[in-house]
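Chemist: 3D, please:
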Amino acid sequence: MHELSIDVLGGLGLNYKQGQAHAPGYLVSTWRVWEDLLTVAARLGFGRSAVVPQKGFTLGTKTKMGTGAVTKLSVFPDCVIEADGARPRLLLDAKYKGHVEKGQLRISEADMYEALAFSKATGCNLVVLAYPAQPGDVPQPVGTCTAFESVQVDAVRIVGIQVETRHISRAGALKAFAGNLADGIVESFQ
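Modeler: All right, here's what the predicted structure looks like:
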């Protein structure tokens, strides 16, 4: 990444497509960077032992019709954040692309169905879907979370949040990002 930054600053240019950034000799999966940033920030904000990243949970089984072979069907939420005191157990899933309809950000059906699958497999009824914030006029403090939609399906509550990322490269910003993210996630369920 350091070399990519130097090349971009040197004028080689950067070509961006949804979910990927291209530069001469480089391919960056921006969705993976977002997922990794949220995982690191969740560990800093909630404590390393409270955050379980990318653990597989069995949702059901698949049967091969010709052979009768049965295999597990697993799902992998980005982070399980374990309960601590008054904070309940919840799931955090990084979402890279928001779905904008009539100028309003909303949770897409695909994201909603995936969140419901995570909830069923883990037995956790609180799911937060974290999207990078759409740039507005005035940057909010780094890591500020803004809830934009809440979905209730039986006992399952899914909350979509936007997370401010501008100025993440400043000194001390990762710590502020992590603290604001943790606070914003908890507040989104109150």
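Chemist: Given the helix or strand harbouring V127, what are its sheet partners and their directions?
Modeler: Secondary structure assignment for V127, by DSSP states H and E: strand 126-132. Strands that pair with strand 126-132, judged by DSSP bridges, come out as strand 90-94 (parallel), strand 156-163 (parallel).
Chemist: So which bits of the helix or strand that it is followed by are buried?
Modeler: Next along the chain after strand 126-132, taking DSSP H and E as the criterion, comes strand 145-153. For strand 145-153, the neighbour count (16 or more other Cβ atoms under 10 Å) marks C145, T146, F148, E149, V151 as buried. Any C-beta I mention is one placed from the backbone N, CA and C, and that applies to glycine too.
Chemist: Next: stretch 80-89.
Modeler: So for stretch 80-89, counting by 16+ other Cβ under 10 Å, buried means V80, I81, R87.
Chemist: Can you show me the helices along this protein?
Modeler: 2-9, 30-46, 109-122, 173-187 (DSSP state H).
Chemist: To I158, which of these lies closest?
Modeler: helix 109-122 (4.6 Å; Cβ to Cβ).
Chemist: got the angle between that closest one and strand 90-94?
Modeler: Angle, helix 109-122 to strand 90-94, by axes from the mean of the first three to the mean of the last three Cα atoms, to 10 degrees: 140 degrees.
Chemist: could you give the mean pLDDT of helix 109-122?
Modeler: Mean per-residue pLDDT for helix 109-122: 97.
Chemist: next one: stretch 59-77
Modeler: On average, stretch 59-77 scores 95.
Chemist: and the closest residue to A147 other than its chain neighbours, how far is that from L126?
Modeler: Distance criterion Cβ to Cβ, 6 or more residues apart in numbering; nearest residue to A147, sequence neighbours excluded, is S188 at 4.7 Å. Applying Cβ to Cβ, to the nearest Å, the value for S188 to L126 is 9 Å.
Chemist: right, and D78 touches V51 too?
Modeler: No. Judged on Cβ atoms under 8 Å, D78 makes no contact with V51 at a distance of 9.8 Å.
Chemist: Name the residues contacting each of the two.
Modeler: T39 (Cβ atoms under 8 Å, 6 or more residues apart in numbering).
Chemist: And the lowest mean pLDDT element among the helices and strands of the chain?
Modeler: Lowest on mean pLDDT, DSSP states H and E among the helices and strands of the chain sits strand 15-17, with a mean of 46.
Chemist: Kindly provide the distance from G60 to V75.
Modeler: Distance from G60 to V75, by Cβ to Cβ: 10 Å.
Chemist: which stretches of the chain aren't confidently modelled?
Modeler: 1-29, 98-103 (pLDDT under 70).
Chemist: Quick check: chain neighbours aside, which residue is closest to L92?
Modeler: L92's closest residue in space is C79 (Cβ to Cβ, 6+ apart), at 4.2 Å.
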